[in-house]
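Chemist: Pasted the sequence and its predicted model underneath.
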Amino acid sequence: MRCLHWVNDLPRALEQIHYVLKPDGVFIGAMFGGDTLYELRCSLQLAETEREGGFSPHVSPFTAVSDLGHLLGRAGFNTLTVDTDEIQVNYPGMFELMEDLQGMGESNCAWNRKALLHRDTMLAAAAVYGEMYGNEDGSVPATYQIYYMIGWKYHDSQAQPAERGSATVSFGELGKINNLMSQEKKSQ
């Protein structure tokens, strides 16, 4: 699912996804999250605070990775896997980044934001962006944090964890495995 970062009620959406899966079915998803576009967010907040005496959110809020596993578990998924990836894309400037976001249909749709930013605030934000985050070649980075998630709907045929205390090797002995392997090779 590509647009989970736009969902207003993420816990309910994950519950509904879990509900429609067959037993032993898998959900694989990806979404923007965490510190996505933090450079743009900070630049806009600093410029708006300085020019207008306060700020409203102009970059949509994102889910933290620490919350995602909990939300999946609460929705009923098991055998969870959550991974993150960070991608940095360079743009000639802040306005090109914002044009790209608009072209992707990723502009902010928050209800509690101001409808427009004044021109001098936008110019100040572009200057802050370039000064705080700009690259040596004059371009500015935009960071996208992507969360990947996998969760399974329970079924009796799924592998179950072994009983506590049933291990035949201790974790302390795992550190010695390289020595054992090299001794075995020498004896062959």
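Modeler: Alright, I've got the coordinates.

Chemist: pLDDT weak spots in this protein?
Modeler: Where the chain drops to pLDDT under 70, the residues are 1-2, 57-60, 107-115, 187-188.

Chemist: tell me, what residue is most central in it?
Modeler: Central residue of the chain (CA atoms, centre = their mean): Gly33, 3.1 Å from the mean position.

Chemist: ok, now which ones touch it?
Modeler: Contact partners of Gly33, counting by CB atoms under 8 Å, 6 or more residues apart in numbering, are 5, 62-65, 68, 84, 145-147. No exception for glycine: its C-beta is placed from N, CA and C like everyone else's.

Chemist: mind putting those residues in TSV, neighbour count, secondary structure and distance to His155 included?
Modeler: As requested, the contacts of Gly33 are exported to TSV (neighbours: other CB atoms under 10 Å; DSSP: H, G, I helix; E, B strand; the rest coil; distance: CB to CB, whole Å):
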residue	neighbour count	secondary structure	distance to His155
His5	18	helix	29
Phe62	18	coil	32
Thr63	17	coil	27
Ala64	13	coil	30
Val65	16	helix	27
Leu68	23	helix	23
Thr84	13	strand	28
Gln145	19	strand	32
Ile146	16	strand	29
Tyr147	23	strand	25
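
Chemist: Can you lay out the residues you listed as CSV showing distance to Phe171?
Modeler: Below are those laid out as CSV (distance: CB to CB, whole Å):
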residue, distance to Phe171
His5, 38
Phe62, 36
Thr63, 33
Ala64, 30
Val65, 26
Leu68, 28
Thr84, 26
Gln145, 32
Ile146, 32
Tyr147, 29
